[in-house]
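Asker: just need the structure, nothing else, for what follows:
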Amino acid sequence: MKRSVTAVLALIAALFVLTVPAPAQASTACGYTWYATTYFDPDDHFTGCKGTLWMQLDGNLVIYHEYGYPLWASNTAGHDYAYAAFQTDGNLVVYSATGSPLWASNTRAPGGRLVYQDDGNLVIYNRYGTAVWATNTAH
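Answerer: Residues are numbered from 1 along each chain as shown. The predicted structure is shown next:
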């Protein structure tokens, strides 16, 4: 009786190990995730494994390589104290200090998220996890 209980418990443990799914992607300590109504104020910057996302004082939203050179920019320099917003509609927008839109990702992803990934890519995912926009700066 004792052996059959042990065998049954071993079988249950083996089935559990085989059926528990592995995580799709391990989380890392050097990426960032933002949800709707996130604002990036002038001079906000977020450093990850592969570079820095920076809302510069000159109004330009820029991704810098970890060695310091720019990989991507919103090309909105010259608008001091502009800010960026990840809106509830899933659109990432850079606004002038007076609130006029200067640049937009032109995405519609309500319930989505903005992710500065550990590979250096800035991506907007819709609520289903599908990428709908990216800077294509993975390296």
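Asker: show me where pLDDT drops low in this protein?
Answerer: By pLDDT under 70, the weakly predicted segments of the chain are 1-29.
Asker: tell me where it has helices.
Answerer: Remark: helices assigned in the chain by DSSP state H are 2-19.
Asker: which parts of the protein are strands?
Answerer: 32-35, 38-40, 45-48, 51-55, 61-65, 70-73, 83-86, 92-95, 101-104, 113-116, 122-125, 131-134 (DSSP state E).
Asker: JSON lines please, covering those strands and showing mean neighbour count.
Answerer: C-beta: built from backbone N, CA, C; applies to glycine. Compiled in JSON lines, the strands of the chain are given as follows (neighbours: other Cβ atoms under 10 Å):
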{"stretch": "strand 32-35", "mean neighbour count": "14"}
{"stretch": "strand 38-40", "mean neighbour count": "16"}
{"stretch": "strand 45-48", "mean neighbour count": "16"}
{"stretch": "strand 51-55", "mean neighbour count": "22"}
{"stretch": "strand 61-65", "mean neighbour count": "21"}
{"stretch": "strand 70-73", "mean neighbour count": "17"}
{"stretch": "strand 83-86", "mean neighbour count": "21"}
{"stretch": "strand 92-95", "mean neighbour count": "21"}
{"stretch": "strand 101-104", "mean neighbour count": "17"}
{"stretch": "strand 113-116", "mean neighbour count": "21"}
{"stretch": "strand 122-125", "mean neighbour count": "22"}
{"stretch": "strand 131-134", "mean neighbour count": "16"}
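Asker: sweet, I'm off.
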